[in-house]
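Q: Kindly generate the corresponding structure for this input.
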Amino acid sequence: MPSEKLVSSYHFPPAQTADADGFLAVGGDLTPGTLLLAYRNGIFPWTSNPITWWSPDPRTIIPLGRLHVSRSLARYLRKPGLRITFDTAFRTVMEECARPRPGRMETWISGRFINGYSRLHAMGYAHSAEVWRAERMVGGIYGVSSGAFFAGESMFSAEENASKVALVAMEARLRASGFLLFDVQFLTKHLASMGAEEIPRAEYLQRLRAAVATDVALRTEETATGPGVF
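A: Numbers count the residues shown, from 1 in each chain. Okay, here's the model as predicted:
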């Protein structure tokens, strides 16, 4: 379990003071103490030059235990050869999430982000799920955790459905580990199709406080896909 008492040189305005787009503040740094202070107060960074901080209303979550797995994804999960690991290639997952891909030539995941979140991972406050086919990583997801709270930050897919497998695997592992809140920030068609839903920021902050105060640890043993795994 993470035990470091991390501090920041900065203070954030209350999340409730963000503007209509969710923008809250600019400046600060991406040190572990500042990042954790932000996430524990319902705030996250979105750019790094300059660093901007956000707290949208409503907020999007994945209700644990209610993730929707489509028939096509269920068939994909039953195919042999896929393997899931946790926390074995965190930095590589971030680098893959930052890589330009068709339809997305730019990303907010700069080198500063990769270094800052990798430091959080080394301290036990950030996690990843990796999807492998043989020895090739084909998908992944990473995010920040504190107590029983997990904020999914980004996913990548090098083959069809692989990012969805990463999301399903992370949701199942969070649930099995006793987590209470799975935050995914903004609603997209992709997330909505899998059961993500929006809740008012006030409700989100209330649930966040309870989750952060709950002491759990993410189970990181390896698994394989197949019937009944998820």
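Q: Could you list the low-confidence segments of this protein?
A: Within the chain, the segments meeting pLDDT under 70 span 1-5, 101-106, 224-230.
Q: Helices along that one, start to end?
A: All helices of the chain, identified by DSSP state H, fall at 32-39, 71-78, 90-98, 111-122, 162-177, 189-192, 201-212.
Q: For R133, which of the ones you listed is the nearest?
A: helix 162-177 (8.2 Å; C-beta to C-beta). C-beta coordinates here come from the backbone N, C-alpha and C atoms, glycine included.
Q: so what secondary structure elements neighbour the closest one?
A: helix 71-78, strand 82-86, strand 126-133, strand 136-146, strand 149-157, strand 181-185 (3 or more C-beta pairs under 8 Å, 6 or more residues apart in numbering; DSSP states H and E).
Q: mind redoing it with 7 Å?
A: Counting contacts by 3 or more C-beta pairs under 7 Å, 6 or more residues apart in numbering; DSSP states H and E, helix 162-177 packs against strand 82-86, strand 126-133, strand 136-146, strand 149-157.
Q: could those be laid out in a markdown table, adding mean neighbour count and distance to D215?
A: Formatted as a markdown table, the helices and strands packed on helix 162-177 follow (neighbours: other C-beta atoms under 10 Å; distance: least, C-beta to C-beta, whole Å):
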| stretch | mean neighbour count | distance to D215 |
| --- | --- | --- |
| strand 82-86 | 20 | 19 |
| strand 126-133 | 25 | 16 |
| strand 136-146 | 24 | 10 |
| strand 149-157 | 24 | 11 |
